[in-house]
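In: got a sequence here, can you model it:
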Amino acid sequence: MNLKKPKFWNLKRPNIFAYLLFPFSILIGLFSKLKRSTVCKSLKIKTICVGNIYIGGTGKTSLSIKINEILTKRKKKSCFVKKFYKNQYDEQKLLERRGRLFLSEKRLNALKNAQNENYEFAIIDDGLQDKSLDYDVRFVCFNSINWIGNGMTIPSGPLREPINVLKKYQHVFLNGNLENTNSIKEQLYKINPEINIHIGKYEPVNLDEFDKGENYLVFSGIGNHGTFISMLKNNKFKISKNYEYPDHYEYKNQDIDKILNEASILNCKILTTEKDYLRLKNNKNSYKIKYIKSELKIIDEEKLIKSIM
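Out: Residues are numbered from 1 along each chain as shown. Coordinates of the predicted model:
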């Protein structure tokens, strides 16, 4: 089941709904602390975990792809590792398009398979909360538009762990609205004065495929629909209407029929993300839909390189 995040999660302050759910947040936090895992430290392959504490839409997959590009350019044998989830076909396919992906229901098994094939680096997309693995490098990703939402943990808010957990992490990655980063940096340094902050922004790479004189109906089912819309507006796309679906949404034929009918009425072209397009593989009308292919541009790439090498 795909569900949208509650709107009150992204308010600047907790509201009554957040406080009503707070006892459940405490219980979930206690349960997480009681869980004990044997930490594996015997792997020779260097592990780079790219994860988040804010649920969805933080750019972890994009950063994973960028790190793989950097390592590949430097002649390092690197791969992706991801825990298998049936509803994350889009992310899995996206990673497979960019490099070698090792999938398993247990990340440790996938890492062992990568090590057996003599990979030097494994980039783990998600898995920050997997305490059974002792990663060499950890990145915590945030979108600067939503940042930490109301600052509370699930189900009162969008955080998997309290924000103070950043005291034990090495690196933070920020993407989204670059204008918001200074105030976020101040908050981060108050929590952890030693933390390394990396910043990036999304840039479309296939703009020549689109006529910006046209009007577009835009849809997506990603973690942060707003970032996608902002990128399009910054690149002068005319958006007549947009639809937001839950993250990893499995599109039904009736969903696509609705989009096609609406686009016909509005005389619009249809536009989505690459991740969403990969979920349309079984729809006979997918050829009528175009997608924006974007890549992550790191503001200080040398700093990122030093952190992973």
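
In: can we go C-alpha only for contacts and neighbour counts from here?
Out: Noted.

In: measure Ile154 to Val172 for me?
Out: According to Cα to Cα, to the nearest Å, Ile154 and Val172 sit 21 Å apart.

In: next, count neighbours for Lys106.
Out: Using other Cα atoms under 10 Å, Lys106 has 12 neighbouring residues.

In: right, I mislabeled it, should have said Leu166
Out: By other Cα under 10 Å, the residues close to Leu166 number 18.

In: pretty sure it contacts Asn192?
Out: Yes: Leu166 is in contact with Asn192 according to Cα atoms under 8 Å; the separation is 6.7 Å.

In: with adjacent residues omitted, what lies nearest to the residue nearest to the spatial centre of the chain?
Out: The residue lying closest to the centre of the chain (Cα atoms, centre = their mean) is Gly59, at 3.4 Å. Closest residue to Gly59 apart from its sequence neighbours, by Cα to Cα, 6 or more residues apart in numbering: Cys141 at 6.5 Å.

In: okay, and the beta partners of that neighbour?
Out: Beta-bridge pairing for Cys141 (DSSP bridges): Asn52, Phe173.

In: run through the residues that contact it.
Out: Listed by Cα atoms under 8 Å, 6 or more residues apart in numbering, the contact set of Cys141 reads 50-54, 58-60, 172-175.

In: cool, and Leu94?
Out: Contacts of Leu94 by Cα under 8 Å, 6+ apart are 275, 278.

In: for the stretch 51-200 of the chain, which spans come out with low pLDDT?
Out: Along the stretch 51-200 of the chain, no part satisfies pLDDT under 70.

In: residue boundaries of the helices in it?
Out: 60-73, 89-98, 107-116, 181-191 (DSSP state H, counting those that start in this stretch).

In: now Arg97: how far from Leu278?
Out: Per Cα to Cα, Arg97 is found 11 Å from Leu278.

In: those two: which has the busier surroundings?
Out: Leu278 (17 against 11).

In: count of residues packed around the closest residue to the more buried one other than its chain neighbours?
Out: Counting by Cα to Cα, 6+ apart, Asp90 is the residue found nearest to Leu278 once chain neighbours are left out, at 5.6 Å. A total of 20 residues lie near Asp90 under the criterion other Cα under 10 Å.

In: same question for the one 10 residues further on.
Out: Neighbour count for Arg100, taken as other Cα under 10 Å: 16.

In: packing partners for the longest strand along the chain?
Out: Identified as the longest strand of the chain according to DSSP state E is strand 196-204. Judged by 3 or more Cα pairs under 8 Å, 6 or more residues apart in numbering; DSSP states H and E, the packing partners of strand 196-204 are strand 171-175, helix 225-234, strand 294-298.

In: what's the following helix or strand after that strand?
Out: strand 215-220 (DSSP states H and E).

In: given that next one, what are its sheet partners and their directions?
Out: Strand 215-220 sits in its sheet next to strand 238-244 (parallel), strand 269-273 (parallel), going by DSSP bridges.

In: so this protein: which segments form each domain?
Out: Annotated domains of the chain cover 46-201+298-308, 206-292 [automatic domain parsing].

In: highest average neighbour count across these?
Out: A comparison of those by mean neighbour count, using mean count of other Cα atoms under 10 Å, puts domain 46-201+298-308 on top with a mean of 19.

In: so how far is it from its chain's centroid?
Out: In this view, domain 46-201+298-308 has its centroid 8 Å away from the chain centroid, taken as Cα atoms, centre = their mean, to the nearest Å.

In: from start to finish, how long is it in a straight line?
Out: With Cα to Cα as the measure, domain 46-201+298-308 spans 9 Å from end to end.
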